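>>> Sharing a sequence plus its predicted fold:
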Amino acid sequence: MRAISLFACAAALAAQTVDDGLAAFHNGDYVRAEKILSGSADPRAQLFTELSRAATGRCHDSVPRLEALLAAQQGELRRLTGLGLVQCHVALSQLDRASALADRLKAEFPSDADVLYQAARVHMRAWNDVIYQLFQKAPASYRVNHLSAEVFETQANYGAAVAEYRKAIAKNPAAINLHFRLGRALLLESHEPAALAAALAEFQAELKINPFDAVAEYQVAQVLTALQRPAEAEPRLRRALELNPALTEAQLALGKLRLDARDFPAAISLLEEAVRKMPASENARYSLMIAYRNAGRMADAVKQKEELDRLQKPPEGEFTEFLKKLGERKPQP
Amino acid sequence: MIALWAALLTAEAPDYRNVSPALGLTKSIPNGGAVSKKHIIETTGSGVGWIDLDGDGFEDVVLPSGPGMPALFYRNRKGRRLEEMDTGFKRQGWAQGVCAGDYDNDGRTDLLITYWGRNALLRNVDGTRLEDATARAGLVHDRVRYNTGCAFLDYDRDGDLDLFVANYLQFSFESAPLPGANPYCWYRGIAVNCGPRGLPFDRNLLYRNNGDGTFTAVSAVSLIERPAQHYGLGVLTGDFNRDGWPDIFVACDQTPSLLYINQKNGAFAEEALLRGVALDENGRALSGMGAAAADYDGDGLPDIFRTNFSDERETLYQNAGGGHFNESTMKAGLAHNTRFVGWGTAFLDFDNDGWRDLFLANGHVFPEVDSLKTDIRYKERAILYRNLGTGAFEDVSERAGPGVAERHSARGAAVADLDNDGSLEILIGNQNEPPSLLRNAAKPRGAWLSLRLLTRTGRDAIGAEVEVSADGRRQLDEVRSGGSYLSQNSLRLHFGLGPSATARVKVRWPDGGETVHPRVSAGRQTLRQP
């Protein structure tokens, strides 16, 4: 009886010890967690011992064990094991393996912040490694300037982006897409009317290099419209649509030009098609609503207005919900 | 003949100069932080007003102010000097806007100053003293409100002036997030004051005049409070669908603007979206600030212009009839000034050629924007467009004189003929600086008609619509309380007549009655409703 009782006490102590180890892990005290858990026969203890080692950067030994353990895990334990492994692959510069596993985890846990963060980290690391190679191996290449310009654009530093695109073009004037990107950066850099003419020249230069660029045709048309030259813009939009019938923005822009010209049948036909292709586009719905209204088709206009009202409701999401609650709060008495 | 005159005047550039210091407008108007702003409340003040308080025929100046100074009042000494008045009103606070109207029909123009907090209805006692009549009139709020634009209007056509007040949002210093606290507290990578997105909405207010010096809140029964998700700023009244009843347009920040159509039964229907004035032509809600109305294209219909944020176009909505509008910004040549945050705005005929030109006061909301070293600045110059008479405008800002080129963080703007010489002056409120008073040193050559319209009780006939015909052209305008950005233009209507010495004037009075005056001489005239 006494022996049985002693065994029960020892088992209870062991169970408590594993729980303590797990608590230490979850509190971020990985050293203590490993100390408590290592050597235990409890399968959870084995897993969390490896996760503790991974979390403290001792990945060489942990990776094969975690890989072996991963297949057997479900739910939260699978998520934790996967995250530990991704971290280890990154630490060991095994970026291909890290990327493949991060993609699998993303598919299994699509809304998980830790999974998405680790996936972003993997891709960022890969991006940094490749850029480093580019700058090391081909520092004088126009691609260095091209890439620098794109990075400046993401930082909203459009002046620097313009300068880098210009350097890239000077090195390789025939490269596809550089003039297009420069044109867009010029429009973003300056609010001066002169920027329109400068951007137009770049979009046209792009079309000389690649006359099949539908988006460049579209941009030319947009600039011509802004310059109040709609008669010149219209054929450019038609050409863009010939090149790429799926370029619905061009169809919408064409419909709006017809609307401005009070050619309601043509405008409505184009805009209805644009709405069919982009049912969630407020721009397309709004233009179609105005076209119906101006053509005297008030019932159809009202239907589009109702669709617009629906679209203008904020998208669902945690932050939006928070804002909606604020916005819908009843005025204080 | 008019065409010849228009051609002649094209060569004549305006020459606006800031005469504020010379005339006595030297006090800086506090509006929160000058180099950084912690809260949105510091960004929206304040409007300016021209109101002839003492009835001497010269427009006096009203300057609402942020904390640190009460609203300032200046008596106009025949256009030669502006002399600070002690009206007895000393309250300090976050004053926002001003609008004028003789709410008690005693023949003296009263005014409302809006505040974050509680508004102030100031009854004009004797032309020099202003009595705070807010409580007695029943206009005290039961809670703090962020009141912005306002306008007196006779929405029920019963002969006395009712009151509309726009509300921006719900704000308190205790609960407002600080710069950088959430995604709505950042601008181009710098932490800035938060909002309006992310801050709770509020509802607009309508008060019906009981005819005995008091008002009744009718926001619910009139359906004015129904639109729930908007940030209201500038208020512009007018009969936009030409049915003889006043409607209300509200420029809204980052949310669709509102157009309340008068249902002629004490209620309004909000119809901005279908009528084409809620969004821009791409279906996007812009950051509307101020608004002005004029028949800019001479088709006999009032059009609406709205100022917006930087990286947005200003928006001109052309009235297509029946109160339906199409955006005509690009066609009118107004689409290129996208680096400015626009606030106060006015249609004014600066050259008296019979076509309404267009003025905009500008200035960013974030002083911190200067650290970005882009072409967007906190203090910006103004914009002046000349109306070419072809449905389009020409940007003459850079040759319109040093006053237009001065950089300020401007807010309210209002127009009046300071010295009654037929040339219009522009008063501009500047954040944490003295106001600017722009006077055109190049006197316009065209003849002009300045009309004061009085109801049978002798008050300014707010809501009266005037059609002036001269040399085969018709011009349209309306007597408006409020307008621009939280500001008050002169209640007199100014028409450029070009070469004409006389004009035919048709008035539709606020009660719907009409009078025709076949031969009114150029100059200053007063018409009273028979």
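Happy to help now that I have it. Because the structure is a prediction, the values reported are computed rather than measured.
>>> Low-confidence ranges, chain B, go.
Low-confidence segments of chain B, defined by pLDDT under 70: B:1-12.
>>> Relative to B:Ser371, how far out is the residue of it positioned farthest from its centre?
What lies farthest from the middle of chain B is B:Ala181; by C-alpha atoms, centre = their mean that is 33.4 Å. Using C-beta to C-beta, to the nearest Å, B:Ala181 is found at 19 Å from B:Ser371. From N, CA and C alone the C-beta is placed, and that goes for glycine too.
>>> One more: A:Leu200?
32 Å.
>>> which one of the two has more residues nearby?
Neighbours were counted for A:Leu200 and for B:Ser371 using other C-beta atoms under 10 Å in any protein chain shown; A:Leu200 has more, 21 against 13.
>>> what about the closest residue to the residue farthest from the centre of chain B other than its chain neighbours, how many neighbours?
Nearest non-adjacent residue to B:Ala181, counting by C-beta to C-beta, 6 or more residues apart in numbering or on different chains: B:Cys194, 6.1 Å away. The local packing of B:Cys194 (other C-beta under 10 Å) involves 23 other residues.
>>> Wait, B:Gly363 touches B:Gly429, no?
No: assessed by C-beta atoms under 8 Å, B:Gly363 is found out of contact with B:Gly429, at 9.8 Å.
>>> can you pull out the helices in the stretch 1-150 of chain A?
Taking DSSP state H, counting those that start in this stretch as the criterion, the stretch 1-150 of chain A carries its helices at A:2-26, A:30-37, A:43-55, A:59-70, A:75-91, A:95-108, A:113-137, A:142-154.
>>> Can you check which of those gets nearest to chain B?
helix A:142-154 (11.3 Å; C-beta to the nearest C-beta).
>>> and B:Leu476, what is it in contact with?
B:294-295, B:300-302, B:465-468 (C-beta atoms under 8 Å, 6 or more residues apart in numbering or on different chains).
>>> Helix, strand or coil: sort out it for me.
The three-state assignment at B:Leu476 reads strand, by DSSP: H, G, I helix; E, B strand; the rest coil.
>>> Which phi and psi values does the closest residue to it other than its chain neighbours adopt?
Distances taken as C-beta to C-beta, 6+ apart put B:Asp295 closest to B:Leu476, at 4.2 Å, once the chain neighbours are dropped. Per-residue torsions, B:Asp295: phi -90, psi 80 (degrees, to the nearest 10).
>>> Check A:Leu247 too.
Torsion angles, degrees, to the nearest 10, at A:Leu247: phi -80, psi 80.
>>> Skipping its backbone neighbours, what lies nearest the residue of the stretch 101-250 of chain A found nearest chain B in space?
Ranked by C-beta to the nearest C-beta, the top residue of the stretch 101-250 of chain A for proximity to chain B is A:His191, at 3.4 Å. Closest residue to A:His191 apart from its sequence neighbours, by C-beta to C-beta, 6+ apart: B:Arg339 at 3.4 Å.
>>> Could you pull up the residues touching that neighbour?
A:191-192, B:310-311, B:375-376, B:380.
>>> Could you give the number of residues near the closest residue to A:Lys171 other than its chain neighbours?
Once flanking residues are discounted, A:Lys171 sits nearest to A:Tyr142: 3.7 Å by C-beta to C-beta, 6+ apart. Look at A:Tyr142: counted by other C-beta under 10 Å, it has 19 neighbours.
>>> The helix or strand encompassing A:Phe203 - contacts with which helices or strands?
Using DSSP states H and E, A:Phe203 sits in helix A:194-209. Contacts defined by 3 or more C-beta pairs under 8 Å, 6 or more residues apart in numbering or on different chains; DSSP states H and E place helix A:194-209 against helix A:178-189, helix A:214-226.
>>> buried stuff in it?
By neighbour count on 16 or more other C-beta atoms under 10 Å in any protein chain shown, the buried set for helix A:194-209 is A:195-196, A:198-200, A:202-207, A:209.
>>> from those residues, which is closest to B:Ala95?
Comparing the buried residues of helix A:194-209 against B:Ala95 with C-beta to C-beta picks out A:Ala195 as the nearest, at 39.1 Å.
>>> ok, A:Ser190 - how many residues close by?
So A:Ser190, with other C-beta under 10 Å, has 20 neighbours.
>>> Tell me the residues on the stretch 351-500 of chain B that lie near chain A, please.
B:374-376 (C-beta under 8 Å from any C-beta of the partner chain).
>>> Going by distance to B:Met69, which of those residues wins?
B:Ile376 (29.0 Å).
>>> which ones are touching the closest one?
Applying C-beta under 8 Å, 6+ apart, the residues contacting B:Ile376 are A:191, B:310, B:339, B:364, B:369.
>>> With B:Tyr115 instead?
Taking C-beta under 8 Å, 6+ apart, one finds B:93-96, B:147 in contact with B:Tyr115.
>>> Save these as TSV, and put in distance to A:Arg310 too.
Listed next are the contacts of B:Tyr115 as TSV, based on distance: C-beta to C-beta, whole Å:
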residue	distance to A:Arg310
B:Gly93	41
B:Trp94	37
B:Ala95	39
B:Gln96	34
B:Asn147	31
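>>> Greatest separation within those: which pair is it?
Largest pairwise distance in the contacts of B:Tyr115, by C-beta to C-beta, is 10.9 Å, between B:Gly93 and B:Asn147.
>>> With neighbour numbers in mind, choose between the two.
Higher neighbour count among B:Gly93 and B:Asn147: B:Asn147, with 28 against 18, using other C-beta under 10 Å.
>>> mind listing what the closest residue to the more buried one other than its chain neighbours touches?
Counting by C-beta to C-beta, 6+ apart, the nearest residue to B:Asn147 once its immediate chain neighbours are dropped is B:Thr114, at 3.8 Å. Applying C-beta under 8 Å, 6+ apart to B:Thr114 gives the contacts B:64, B:95-98, B:147-150, B:165, B:486.
>>> Return the members of those residues classed as buried.
B:64, B:95-98, B:147-150, B:165, B:486.
>>> For chain A, what's its nearest residue on the stretch 351-500 of chain B.
Closest point on the stretch 351-500 of chain B to chain A, by C-beta to the nearest C-beta, is B:Asp375, at 5.7 Å.
>>> Isn't that residue up against A:Ser190?
Yes: taking C-beta under 8 Å as the definition, B:Asp375 is a contact partner of A:Ser190 at 6.2 Å.
>>> residues contacting A:Thr49?
With C-beta under 8 Å, 6+ apart, A:Thr49 has these contacts: A:33-34, A:37-38, A:40.
>>> what about burial for the residues you listed, which qualify?
A:33-34, A:37, A:40.
>>> nearest to B:Leu236, of those?
For these, the nearest to B:Leu236 is A:Ala33 (66.9 Å; C-beta to C-beta).
>>> Can you give me the distance of the closest one to A:Ala23?
The spacing between A:Ala33 and A:Ala23, counted by C-beta to C-beta, is 8 Å.
>>> Which neighbours do the two have in common?
In contact with both A:Ala33 and A:Ala23: no residue, using C-beta under 8 Å, 6+ apart.
>>> Once you drop chain neighbours, what's closest to B:Gly79?
B:Asp419 (2.4 Å).
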